[in-house]
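> missing the sequence, but the structure's below:
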């Protein structure tokens, strides 16, 4: 079955960096667009970034552009999110999500990894 397992979250000081990983299994990872989506406490889901199946054409939310970098290693079935210059507004649970067959929706999500930004 499809599994998405995020890791790499934790507590970081403002201005710090973290690298999130999402290990995928149970499907042909290299065939699907993958995304990172986050949810801050008391707020709705916010799309952060996505990357096409071959690794090209990454897109970013304006709130993270220039600070976050999405990447993928199709040989390792792993999605990454490098997060730099973190601030309090970046604190959230970060989820990786797999695009469904027909596009424009997600059919599988990971369990999420918590990112806390605090002194």
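In hand now; what should we look at? Remember, predicted model here, so these are calculated numbers, not experimental data.

> where's the residue most central in space within the chain relative to residue 119, distance?
By Cα atoms, centre = their mean, the chain has its centre lying nearest to residue 36, at 2.7 Å. Using Cβ to Cβ, to the nearest Å, one gets 25 Å for the distance from residue 36 to residue 119. The way it works is simple: take the backbone N, C-alpha and C, and place the C-beta from them, glycine included.

> swap in residue 99?
Residue 99 is 37 Å from residue 119, where distance means Cβ to Cβ.

> which one of these two has more residues nearby?
Each of residue 99 and residue 119 has its neighbours counted (other Cβ atoms under 10 Å); residue 99 has more, 19 against 5.

> Residue 33 is in contact with the more buried one, correct?
Yes: at 4.1 Å, residue 99 and residue 33 qualify as touching, with contact defined as Cβ atoms under 8 Å.

> Which neighbours do the two have in common?
Counting by Cβ atoms under 8 Å, 6 or more residues apart in numbering, the residues touching both residue 99 and residue 33 are residue 50.
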